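>>> Below: sequence and its predicted model.
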Amino acid sequence: MLYFTVSRSARVSPGTVCDSRSSGTVADYCKGVGTNMTSLVTLACILCACVLVRSEVTVIDLTHTLGPRSEGYPGNPKLNFTNIRRGEGYLGIWQEMNWFSVAEHIGTHFDAPRHFCVDAWKAHEIPIQRLVGPAVVINLTAEAASNIDFGVTNETLIAWENDNVPIPDKAFLFFEFGWARRYPNWHRMFNPRQRGRVQEIHYPGLAHSAVEWLVANRNVHAVGVDTPSPDLGVSKTFIVHRMLCENEVVILENVANLDQMPPYGAMAYGGAVKLRDGSGGPVRLFATVDNSAGVFSFSAVLLTLIICFHLA
């Protein structure tokens with residue numbers, strides 16, 4: 001419950017007006033203030049202070065730890081981590097330094113639009129404003145559990161919006177297939193199957209119709225998946241990558257902990273490495289959920305009532 005108290009010894013301003021029928025802490029405070037602008041500002045400051053004290057923000061880490069076991073699409077080398085110094089050195093001061101090299105597209109990482117479009121942004125050219133946006137999480141774990149090659153269509157997106165909210169402008173649109181639980185087990189992530197001389201890989205993703213609908217009807221900053229790629233595992237044309245990159249949509253792959261996210265209402269932040277001429281790179285992806293929205297709403301109503309009471 002949001003409340004405030006004011007000392008009964010508060011100085012009474014000239015011209016004070018107060019309804020004697022009022023009671024409680026608001027009435028007590030009213031006896032000590034006037035109807036001038038200073039009084040209104042004072043009330044606003046007190047209420048804002050109360051709100052700030054009660055504000056609660058949950059931070060959700062959407063990033064797998066980067067290390068020797070980090071996985072990515074076939075063909076990417078493993079991370080190399082080498083210790084340079086560890087221990088007490090000059091004057092007995094502890095010091096630790098390491099050297100590492102890593103492929104752009106392993107672990108939780110981003111694809112710059114240049115990854116599949118020659119004229120699009122490279123990693124260092126992505127505007128910082130494109131690395132933050134309202135988060136939307138579409139949970140498709142049940143569909144992926146029953147069909148490893150499940151593809152999201154335009155009908156999937158339209159149905160989700162009908163049951164929830166329209167995908168907001170500048171959104172980070174995430175698809176949860178339940179694949180984070182498989183990471184970093186390569187065989188469970190890629191589900192390889194041999195067909196003659198060709199080894200096929202299998203995991204869910206987006207169909208062409210979904211991306212076509214998205215770029216035509218919504219303005220999203222990023223599309224993220226908990227799988228190795230937004231394209232279906234069986235895709236040979238990478239049509240989803242190509243369409244997203246051509247429309248300068250950042251791609252986020254191997255996203256973690258989407259099961260901790262609300263369907264909407266959070267804010268997502270992509271701390272992408274600003275690698276010159278890069279086609280992507282590691283990202284420290286996280287989201288924040290504001291749990292104090294109800295307190296702000298109540299405070300706004302209370303402030304309005306008090307101002308009206310003073311002006312009456």
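Cool, the structure landed. Numbering: from 1, shown residues only.
>>> check contacts around Arg85.
In this structure, Arg85 makes contact with 95-97, judged by C-beta atoms under 8 Å, 6 or more residues apart in numbering. For glycine as for every other residue, the C-beta is placed from the backbone atoms N, C-alpha and C.
>>> Quick one: buried ones out of those?
Among those, none is classed as buried by neighbour count (16 or more other C-beta atoms under 10 Å).
>>> Tell me the one among the residues you listed nearest to Ile60.
Using C-beta to C-beta, Glu96 comes nearest to Ile60 of these, at 28.8 Å.
>>> burial of the closest residue to Leu258 other than its chain neighbours, as a residue count?
Among residues not flanking Leu258 along the chain, Glu176 sits closest, at 4.0 Å (C-beta to C-beta, 6 or more residues apart in numbering). As a burial measure, Glu176 scores 22 neighbours (other C-beta atoms under 10 Å).
>>> Over to the one 5 residues further on?
As a burial measure, the neighbour count of Arg181 was computed by other C-beta under 10 Å and equals 12.
>>> which ones are touching it?
With contacts defined as C-beta under 8 Å, 6+ apart, Arg181 has no neighbours.
>>> Kindly report the same for the one 5 residues further on.
For Trp186, the residues meeting the contact criterion (C-beta under 8 Å, 6+ apart) are Glu71.
>>> isn't there a helix covering Leu244?
Yes. Leu244: assigned to a helix according to DSSP: H, G, I helix; E, B strand; the rest coil.
>>> Quick check, it in contact with Val223.
Yes. If you go by C-beta atoms under 8 Å, Leu244 and Val223 touch, sitting 5.9 Å apart.
>>> how about low-confidence regions in the protein?
Counting by pLDDT under 70, the ranges of the chain that qualify are 1-55, 195-198, 293-312.
>>> Now the lengthiest strand in the chain: buried residues?
Secondary structure of the chain per DSSP state E: the longest strand is strand 280-290. In terms of neighbour count (16+ other C-beta under 10 Å), strand 280-290 has its buried residues at 280-283, 285-287, 289.
>>> name the helices or strands packed onto it?
strand 57-61, strand 109-111, strand 264-272 (3 or more C-beta pairs under 8 Å, 6 or more residues apart in numbering; DSSP states H and E).
>>> most tightly surrounded among those strands?
Burial of the helices and strands packed on strand 280-290 is given as mean neighbour count (mean count of other C-beta atoms under 10 Å); strand 109-111 ranks first at a mean of 27.
>>> The stretch 1-150 of the chain: strands as residue ranges?
Along the stretch 1-150 of the chain, counting by DSSP state E, counting those that start in this stretch, strands occupy 57-61, 80-88, 94-101, 109-111, 132-139.
>>> closest to Leu91 out of the helices and strands packed on strand 280-290?
With C-beta to C-beta as the measure, strand 264-272 is the member of those nearest Leu91 (34.6 Å).
>>> Paired strands for the closest one, with orientation please.
Sheet pairing of strand 264-272 (DSSP bridges) gives strand 132-139 (antiparallel), strand 280-290 (antiparallel).
>>> Would you mind putting the contacts of Arg85 into JSON lines with distance to Thr65 alongside?
As requested, the contacts of Arg85 are exported to JSON lines (distance: C-beta to C-beta, whole Å):
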{"residue": "Gln95", "distance to Thr65": "23"}
{"residue": "Glu96", "distance to Thr65": "18"}
{"residue": "Met97", "distance to Thr65": "20"}
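>>> nearest to Asp163, of the residues you listed?
Taking C-beta to C-beta as the measure, Asp163 lies nearest Glu96 of these, at 50.4 Å.
>>> Enumerate every residue touching the closest one.
Taking C-beta under 8 Å, 6+ apart, we find Glu96 in contact with 83, 85-87.
>>> coming back round to it: between the strands paired with strand 264-272, which one is closest to His115.
Going by C-beta to C-beta, the one of the strands paired with strand 264-272 nearest His115 is strand 280-290, 5.6 Å.
>>> what's the spacing between that closest one and its chain's center?
From the chain centre to the centre of strand 280-290 is a distance of 6 Å (C-alpha atoms, centre = their mean, to the nearest Å).
>>> With stretch 87-103 instead?
How far stretch 87-103 lies from its chain's middle: 33 Å, per C-alpha atoms, centre = their mean.
>>> cool, stretch 283-295 as well?
So, by C-alpha atoms, centre = their mean, the centroid of stretch 283-295 is 8 Å from its chain's centroid.
>>> Quickly note the distance from the closest residue to Val165 other than its chain neighbours to Val152.
By the measure of C-beta to C-beta, 6+ apart, the closest residue to Val165 outside its immediate chain neighbours is Tyr264, 5.6 Å from it. Per C-beta to C-beta, to the nearest Å, Tyr264 is found 17 Å from Val152.
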